[in-house]
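[1] predicted model and sequence below, questions to follow.
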Amino acid sequence: MTCMRCQGLLVEIPPLFWVAPGWEMPTEELQMPAWQCLNCGDYVDAVILAHRNSPFLTVGELA
């Protein structure tokens, strides 16, 4: 895969997530693969891609 930021090489890595005491098994979204660029270090996973594909909000819509 190619990095969207710098066109470098993306490699698959284990997903990053932090487990707090008392958490149940992570959701499937957290168990999906993630990618990191060897050139610029950009990190991409399912959550980041979902946010990038969502419609943009304006400042007035945040309140």
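    Alright, I've got the coordinates. Numbering: from 1, shown residues only.

[2] show me what contacts the residue nearest to Asp42 when sequence neighbours are not counted?
    The spatially closest residue to Asp42, leaving aside those adjacent along the chain, is Arg5, at 4.7 Å (CB to CB, 6 or more residues apart in numbering). No exception for glycine: its C-beta is placed from N, CA and C like everyone else's. For Arg5, the contact set (CB atoms under 8 Å, 6 or more residues apart in numbering) comprises 37, 40, 42.

[3] mark which of those residues are part of strands, please.
    Using DSSP state E, the subset of the contacts of Arg5 located in strands is Cys37.

[4] helices along the chain, start to end?
    Using DSSP state H, the helices assigned to the chain run over residues 28-31, 46-53, 59-62.

[5] okay, now the closest residue to Cys6 other than its chain neighbours: neighbour count?
    The shortest distance from Cys6 to any residue that is not its chain neighbour, by CB to CB, 6+ apart, is 4.4 Å, and that residue is Cys40. Taking other CB atoms under 10 Å as the criterion, the count of residues near Cys40 is 11.

[6] over to Cys40: give its phi and psi.
    The phi and psi values for Cys40, taken as degrees, to the nearest 10, are phi -110, psi -10.

[7] correct me if wrong: it contacts Gln7.
    No. The pair formed by Cys40 and Gln7 falls short of the contact definition of CB atoms under 8 Å, at 9.5 Å.

[8] any weak-confidence spans in this protein?
    With pLDDT under 70 as the threshold, the chain has low-confidence stretches at 16-31, 57-63.

[9] Trp35 bridge partners, please.
    Counting by DSSP bridges, Trp35 forms beta bridges with Glu12, Val44.
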